[in-house]
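Peer 1: A predicted structure for the sequence below; I have some questions about it.
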Amino acid sequence: MDYTLSEQQQAFQEAAQRFAKQKLAPHYLTRAKQNGIDRALVKEMGSLGLIGADLPEQYGGLGESCATAGVIIEQIATADFNVSYVQLLASLMGSMIAKHASPEIAAQWLPRVTSGDAILGLGLTEPRGGSDAANLVLRAERSGNGYRLNGEKTSMSFSDQCDAAVVFARTGKVEDGARGVSAFFVDLNQSGITRTHFDDIGTKPVGRGSVFFDDVFVPAECMLGDENRGFSQIMAGFDYSRALIGLECIGPAQASVDEAWEYSKGRIAFERPIAQFQGVSFPLAEAETQLTMMRQLCYYTLSLRDRGLPHTAEAAMCKWYVPKVTCEIIHQCLLTHGHYGYTTDLPFHQRYLDVMGLQIGDGTAQIQKLVIAREKVGRVAVQYAKQS
């Protein structure tokens, strides 16, 4: 199948690439040390149409394809992995809201997202959960014409920066599992909400933390999807983000390989450029091969989504395989630069730490492999996993 970019996609690619090279790449390492995203940069990306281009035009998007969103996120991540989280969450959360929220909520919030004036978060993980995503205890109790939320969400990206979030809460019984979970759109700038910030080894500008809900009222119209069915209805959107995550990881890995090739041409050892040594050039050739194959997988997955075809297994392949291999590629590029690559003057260490976080976030490799097995052999894969 041909994945050649259309003229429109090439235009988005060039715009994102130009912004990335001029505004993001020169100060990536400086921003990587800061606990917080630069909102001025976010607004500038919004003004260029680089946020949520895949969202409906009626809500401030450009009505572009999912593949186009992937093109943008890959280019942004090439220069600054952390800034690309803005595109990732805008597409993931924006698509959820456009599909499942009331028209009033979508019209109020999504134009702010695409313009860069608001950042949305996802409240799913809880302290006792993680991979067991449906094992939720945060409660949403009926109260008048709405619900009151009580409990904690943890490991939330942009925890102390996002303006609103899609929060999953238990409306049914604990023993109901995923069948007793509902999803709510929650404005996080209201009383009863407190936030913390984790001291992570990477993605510091994005930041993770916990968000505590103490009797927070949410109107009934803020429920996304049906009561007690939010988990199964809304979680389908993660097939989209997993393909985008693959491209997000490919960006910094490709930048690292490009830099390693360039270095290998100018670094002289034994009176010749080190590019002439197979011990240097072969690992980089392998990396180029891996990046080409992984990029094809990600865009193939997005093309399936754009055509309305099943892509759950392919998305899970993107999520477990690409972060793992791109970390290995970045590591090899660091080694190619020798002792200089081990310094903080070059970006390899930071790229590695940033990308490594996505071997955990949005589902571990083990969970993704279970998803793939389930798609191939059905529920027997899950039943066996529970017995073993």
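Peer 2: Yep, it's here.
Peer 1: now do the phi/psi pair for Met156.
Peer 2: Met156 adopts backbone torsions of phi -90, psi 130, taken as degrees, to the nearest 10.
Peer 1: wait, I meant Arg379
Peer 2: phi -70, psi -20.
Peer 1: contacting residues for it?
Peer 2: Residues near Arg379 by C-beta atoms under 8 Å, 6 or more residues apart in numbering: none. No exception for glycine: its C-beta is placed from N, CA and C like everyone else's.
Peer 1: for Asp345, see how far away it is.
Peer 2: Distance of Arg379 to Asp345, computed by C-beta to C-beta, to the nearest Å: 52 Å.
Peer 1: would you mind confirming that His349 is in contact with Leu334?
Peer 2: Yes. Here His349 reaches Leu334: they are 6.9 Å apart, a contact under C-beta atoms under 8 Å.
Peer 1: name the residues contacting each of these two.
Peer 2: Tyr342.
Peer 1: would you map the strands across the stretch 151-300 of the chain?
Peer 2: According to DSSP state E, counting those that start in this stretch, the stretch 151-300 of the chain carries its strands in the segments 164-170, 181-187, 193-195, 208-219, 223-224, 268-269, 272-273.
Peer 1: quick one: strands adjacent to the longest one?
Peer 2: In its sheet, strand 208-219 lies beside strand 146-157 (antiparallel), strand 193-195 (antiparallel), with partners assigned from DSSP bridges.
Peer 1: just checking, Val181 touches Ala169?
Peer 2: Yes. Between Val181 and Ala169 there is a contact under C-beta under 8 Å: 7.1 Å.
Peer 1: identify the contacts common to those two.
Peer 2: Leu136.
Peer 1: got the contact list for Val174?
Peer 2: So Val174 contacts 137, 180 (C-beta under 8 Å, 6+ apart).
Peer 1: how does it look with 7 Å?
Peer 2: Val137 (C-beta atoms under 7 Å, 6 or more residues apart in numbering).
Peer 1: and if you look at Pro219?
Peer 2: Per C-beta under 7 Å, 6+ apart, neighbours of Pro219: 145-146.
Peer 1: report pLDDT for it.
Peer 2: We have a pLDDT of 97 for Pro219.
Peer 1: show me what it is bridged to.
Peer 2: The partner residues for Pro219, given DSSP bridges, come to Gly146.
Peer 1: would you map out the domains in the chain?
Peer 2: For the chain, the structural domains run 7-118, 121-228, 235-387, going by automatic domain parsing.
Peer 1: quick one: the helices in this structure?
Peer 2: 7-19, 28-32, 39-47, 66-79, 84-100, 103-114, 230-234, 238-266, 278-306, 312-336, 338-341, 348-356, 365-377, 380-387 (DSSP state H).
Peer 1: what's the pLDDT at Phe231?
Peer 2: Predicted confidence (pLDDT) for Phe231: 84.
Peer 1: measure Gln13 to Gly251 for me?
Peer 2: 12 Å.
Peer 1: quick one on the thing from earlier: out of the helices of the chain, which is closest to Phe213?
Peer 2: Proximity to Phe213 (C-beta to C-beta) singles out helix 230-234 among the helices of the chain, at 15.9 Å.
Peer 1: buried residues, the closest one. List them.
Peer 2: Neighbour-count burial for helix 230-234, counted by 16 or more other C-beta atoms under 10 Å, picks out 230-231, 233-234.
Peer 1: quick one: contacts for the residue lying closest to Ala140 once chain neighbours are set aside?
Peer 2: Leaving out its chain neighbours, the residue that sits closest to Ala140 by C-beta to C-beta, 6 or more residues apart in numbering is Ala169, at 3.8 Å. For Ala169, the contact set (C-beta under 7 Å, 6+ apart) comprises 136, 138-140, 149, 182, 184.
Peer 1: look at Arg148 and say how many residues are nearby.
Peer 2: 18 (other C-beta atoms under 10 Å).
Peer 1: Phe217 is in contact with that one, correct?
Peer 2: Yes. Using C-beta atoms under 7 Å, Arg148 is in contact with Phe217, at 5.6 Å.
Peer 1: just give me the neighbour total for the residue lying closest to Asp187 once chain neighbours are set aside.
Peer 2: Distance criterion C-beta to C-beta, 6+ apart; nearest residue to Asp187, sequence neighbours excluded, is Ala164 at 5.0 Å. The burial count assigned to Ala164 is 23, neighbours taken as other C-beta under 10 Å.
Peer 1: who's Ala164 bridged to?
Peer 2: Beta-bridge pairing of Ala164 under DSSP bridges involves Leu120, Asp187.
Peer 1: which stretches of the stretch 251-388 of the chain have low pLDDT?
Peer 2: 381-388 (pLDDT under 70).
Peer 1: if you set the cut-off to 80 instead, what comes out?
Peer 2: Within the stretch 251-388 of the chain, the ranges that satisfy pLDDT under 80 run 379-388.
Peer 1: same check, this time on the stretch 51-200 of the chain
Peer 2: The stretch 51-200 of the chain contains residues with pLDDT under 80 at 128-135, 175-176.
Peer 1: repeat that for 70
Peer 2: Using pLDDT under 70, the flagged stretches of the stretch 51-200 of the chain are 130-134.
Peer 1: now the buried residues of helix 230-234 as TSV including distance to Gly36?
Peer 2: Formatted as TSV, these follow (distance: C-beta to C-beta, whole Å):
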residue	distance to Gly36
Gly230	30
Phe231	31
Gln233	33
Ile234	28
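Peer 1: ok, the residues you listed vs Asp362, which is closest?
Peer 2: Scanning these for proximity to Asp362, where the rule is C-beta to C-beta, the winner is Ile234, at 14.1 Å.
Peer 1: show me what contacts the nearest residue to that closest one once chain neighbours are set aside?
Peer 2: Excluding its sequence neighbours, the residue lying closest to Ile234 (C-beta to C-beta, 6+ apart) is Ala183, at 4.6 Å. By C-beta under 7 Å, 6+ apart, Ala183 lies in contact with 166, 168, 224-225, 230, 234.
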